[in-house]
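Engineer: Requesting a structural model of the entry that follows:
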Amino acid sequence: MAQKAIGPSFYDELKTASLAGLPFSWSPDGTLTYDASLTEAQISAIETVYADHDPTKPSWSAFQVEAQSALDKSDITVSRCYENAVELPAAWVAYRKALRAIVGAASGDATQSLPTQPAYPAGT
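Structural biologist: Below you'll find the model as predicted:
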């Protein structure tokens with residue numbers, strides 16, 4: 001197996017394959033170190049994920065953190081609408097729903113852009 005760098009999405013790929021938490025480690029240069037308790041089948045599964053790994057692919061979990069941050073920031077707009085008796089516009093409802101979908105998804109495409117934040121509601 002050819003050695004290659006390990007990028008930010010490797011852990012997400014291991015989680016998707018139900019391999020996260022097994023007793024092994026990796027270094028950024030692609031060196032994999034296995035605990036003696038791993039079976040040959042587990043090692044083979046890890047090496048399959050590694051072989052398919054694209055080190056340039058961004059991390060889904062990091063993308064989710066960005067989405068959660070945007071959702072948290074949008075709470076200010078909700079509060080401002082409430083305080084000023086302004087109905088939360090449908091665009092903001094949709095925006096927040098899209099962010100929640102990203103935050104709640106087990107996996108996805110981290111190369112996509114976050115939803116575009118709508119204009120602030122008038123009167124807030």
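Engineer: When you work out contacts or count neighbours from here on, use the C-alpha atoms and nothing else.
Structural biologist: Fine.
Engineer: Please work out the average pLDDT along stretch 112-124.
Structural biologist: The average pLDDT within stretch 112-124 is 94.
Engineer: Give me the contacts around that stretch.
Structural biologist: 67, 77, 80-81, 84, 86, 88-89, 91-92, 95, 98-99 (CA atoms under 8 Å, 6 or more residues apart in numbering).
Engineer: Go again with 7 Å.
Structural biologist: The contact list for stretch 112-124 (CA atoms under 7 Å, 6 or more residues apart in numbering) reads 67, 80, 81, 84, 86, 89, 91, 92, 95, 98.
Engineer: Name the residues of the host helix or strand of the second one that come out as buried.
Structural biologist: Counting by DSSP states H and E, the element that carries residue 80 is helix 60-83. For helix 60-83, a neighbour-count test (16 or more other CA atoms under 10 Å) marks 60-61, 63-64, 66-68, 70-71, 74, 77-78, 80-81 as buried.
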